[in-house]
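J.: Show me the folded form of this:
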Amino acid sequence: MREPLMTAADWRAHPAYGAVPRIDLLDPAQAWSRLVVVSAHPDDESLGAGGLIAAAHAAGLRVYVVLLTAGEASHQGAPGSSRHALATLRLAEMENALARLAPDTPLVFLGALDGQVAEAERAIADSLTDLLGEAEHTLLVAPWSRDGHPDHDAAGRAARVAAERSGAHLLEYPVWFWQRHTADEAPWEEMVCLPLSDELRETKAAAIQCHASQVRPSSDSPDTEALLPGRMLSHFAGTHEHFVWTPASLPTTEPTDG
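T.: Numbering: from 1, shown residues only. Below you'll find the model as predicted:
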């Protein structure tokens, strides 16, 4: 993994970091009743929105998580890491993480192939639309469509279509963006943030650690590094979670033939 262009400390020192508008899950004007979180792979939900999931659960919102892939391609070529074994392991890790963030949260698994979310993008958008139904008071949360990972980008695009169809408010969370870009490239004018209490930060950190296959080295060799090493994880240990915000518009319908 290449070194980040900015450290987590650099990001947090930027004037805009904690200055963007804040999310208020108890805002009576919005009357949020449901949070639907899309995760392209097991761990995206904990990294990008773990604090939000825990906060929504504590606030009494109904929380649902939609997992697109099992993350079965994360250790391609590693000895003893078949796609089936990885899928089984990573699904179990995600269930453990959700138990930390929001106990009894329903997990919907759509079964797209890891690395090929774009090929299933239209079907994913349809599935999300069906799940959302009328979503005026729903926050739909998904990976950012400009995150820079093909699966994340496709997940964000599918979520945007579903939001437009259903009337949901869309929040998109960056993951790889923090590692690969600088603060001058961040869309601060489109962003909102959720301040994280010490309790929320601890809950989020515990959920991230549940994804052991990603945050711990796969062998005892000193040359083996975790897929998500400390310098990457540090971006998700801050006092705020950031999201790109798209307010709801009137629901749209697909054009029909004839």
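J.: C-alpha only now, for contacts and for neighbours.
T.: OK.
J.: name the element G48 belongs to?
T.: G48 is part of helix 44-58, with elements assigned from DSSP states H and E.
J.: Give the buried residues for that helix.
T.: 44-57 (16 or more other C-alpha atoms under 10 Å).
J.: Repeat that for stretch 89-101.
T.: Residues of stretch 89-101 classed as buried by neighbour count (16+ other C-alpha under 10 Å): L89, R90, L91, E93, M94, E95, N96, A97, L98, R100, L101.
J.: Filter those down to the ones in strands?
T.: Using DSSP state E, the subset of the buried residues of stretch 89-101 located in strands is empty.
J.: Let me know the closest of the residues you listed to H149.
T.: Of all these, H149 sits closest to R90, with 18.8 Å by C-alpha to C-alpha.
J.: so who does that closest one touch?
T.: P42, A70, G71, E72, H211, S213 (C-alpha atoms under 8 Å, 6 or more residues apart in numbering).
J.: Tell me the confidence at the residue most central in space within the chain?
T.: Taking C-alpha atoms, centre = their mean, the centroid of the chain lies closest to E45, which sits 3.8 Å from it. In this prediction, E45 carries a pLDDT score of 98.
J.: I'd assumed V36 was in contact with it.
T.: No. Applying C-alpha atoms under 8 Å as the test, E45 and V36 come out as separate, 10.8 Å apart.
J.: May I see the buried residues of helix 44-58 organised as a markdown table, with distance to L200 added?
T.: Shown next, in a markdown table, are those (distance: C-alpha to C-alpha, whole Å):
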| residue | distance to L200 |
| --- | --- |
| D44 | 17 |
| E45 | 14 |
| S46 | 12 |
| L47 | 13 |
| G48 | 13 |
| A49 | 11 |
| G50 | 8 |
| G51 | 6 |
| L52 | 9 |
| I53 | 10 |
| A54 | 7 |
| A55 | 7 |
| A56 | 11 |
| H57 | 11 |
